[in-house]
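Chemist: Sequence plus the predicted model coming up.
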Amino acid sequence: MGHMKWTKVPPSVDHIFYKAYKKLVDLYFDYNKSNKMFFRTLIVDKHNYDIEHKIFYNGDYEKGFYNLYCQLILNWLLKGNEYHVRLAKRNIKKAFPGDCEELRLLLLKQKLNKKFESRLNKYQYIYGFRPVTPPVKTIEARSANERRLIQLADILTGSVGFYWNKEHIKEGVRPGKISLAQYIASKVGKHNLLFTTNWNDKRFNIFYFDTSKSSYNKNK
């Protein structure tokens, strides 16, 4: 098959390619059982999250966007591990001359390492921690149509968004999407994907990034 993603889920379970999508989902859960693959997605209420916040992001859309990546990744970084992060390639909204995706990824890498170091090193005198080395070694963009793991992440994330955005009850929704989303939910023992998990749940992690009661929202 070519590029698999949520927006391309076949219209029905009888479609020739539907089984391929289901098989890719099965592959994730098989690897998850052996602790070789984990999934995490972030839920953000766009009414409570100003992606171009004038104070926090200086009106820079990309700062707000990559902050969500930081929230998604940071708490799953472990001391002593090294990480090589691969993200789906995308066209950024350039905010200044020379702005590019490579620069934004470098800034994300620096932010993750700085926050990780700050989080651990503030306890070093209490718990005897030694200063940590930066865990994120590289962050690079890859074309999604060349990376099946990125396609898998798109399908799993899309299925979560399908429920949270109430797409499953809208008129004209594809039966194939309903079926695949229900199948994914059944794999985690749920009727649907309208749930959240503990931050460290590594089976199928759905993290709700709540800004409604934070200092972020108060400073809008």
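Modeler: Looks like it came in fine. Residues are numbered from 1 along each chain as shown.
Chemist: Please report phi then psi for His84.
Modeler: phi -120, psi 100 (degrees, to the nearest 10).
Chemist: That one and Leu105: what is the separation?
Modeler: 12 Å (CB to CB, to the nearest Å). Bear in mind the C-beta positions are built from the backbone N, C-alpha and C, glycine included.
Chemist: So these two - more neighbours on which side?
Modeler: Leu105 (19 against 9; other CB atoms under 10 Å).
Chemist: Go through this structure and flag its longest helix.
Modeler: Counting by DSSP state H, the longest helix found in the chain is helix 101-121.
Chemist: Outside of that helix itself, list whatever touches it.
Modeler: 62, 66, 69-70, 73-74, 77, 79, 85, 87, 89-92, 129, 131-132, 134-136, 138-141 (CB atoms under 8 Å, 6 or more residues apart in numbering).
Chemist: redo that, cut-off 7 Å
Modeler: Defining contact as CB atoms under 7 Å, 6 or more residues apart in numbering, one finds that helix 101-121 is touched by 62, 66, 69-70, 73-74, 77, 79, 90, 92, 129, 131-132, 134-136, 139-141.
Chemist: Could you do stretch 36-43 as well?
Modeler: Applying CB under 7 Å, 6+ apart, the contact partners of stretch 36-43 are 28, 31-32, 68, 71-72, 76, 156-157, 160, 164, 202, 204-209.
Chemist: Return the distance of that stretch from the chain's centre.
Modeler: Here stretch 36-43 is found 7 Å from its chain centre; the criterion is CA atoms, centre = their mean, to the nearest Å.
Chemist: For that stretch, buried residues please.
Modeler: 39-42 (16 or more other CB atoms under 10 Å).
Chemist: Can you flag the buried ones in the contacts of helix 101-121?
Modeler: 62, 66, 69, 73, 77, 92, 132, 135-136, 139, 141.
Chemist: what about this protein, any weak spots by pLDDT?
Modeler: 1, 122-131, 212-220 (pLDDT under 70).
Chemist: quick one, helices of it?
Modeler: Going by DSSP H, the chain shows helices at 18-33, 61-73, 101-121, 124-127, 148-164, 175-187, 215-218.
Chemist: What's the PyMOL syntax to select whichever of the contacts of stretch 36-43 are buried?
Modeler: Buried residues among those (16+ other CB under 10 Å), as a PyMOL selection:
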select buried, resi 28+32+156+157+160+164+204+205+206+207
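Chemist: Quote the end-to-end distance of stretch 6-15.
Modeler: 15 Å (CA to CA, to the nearest Å).
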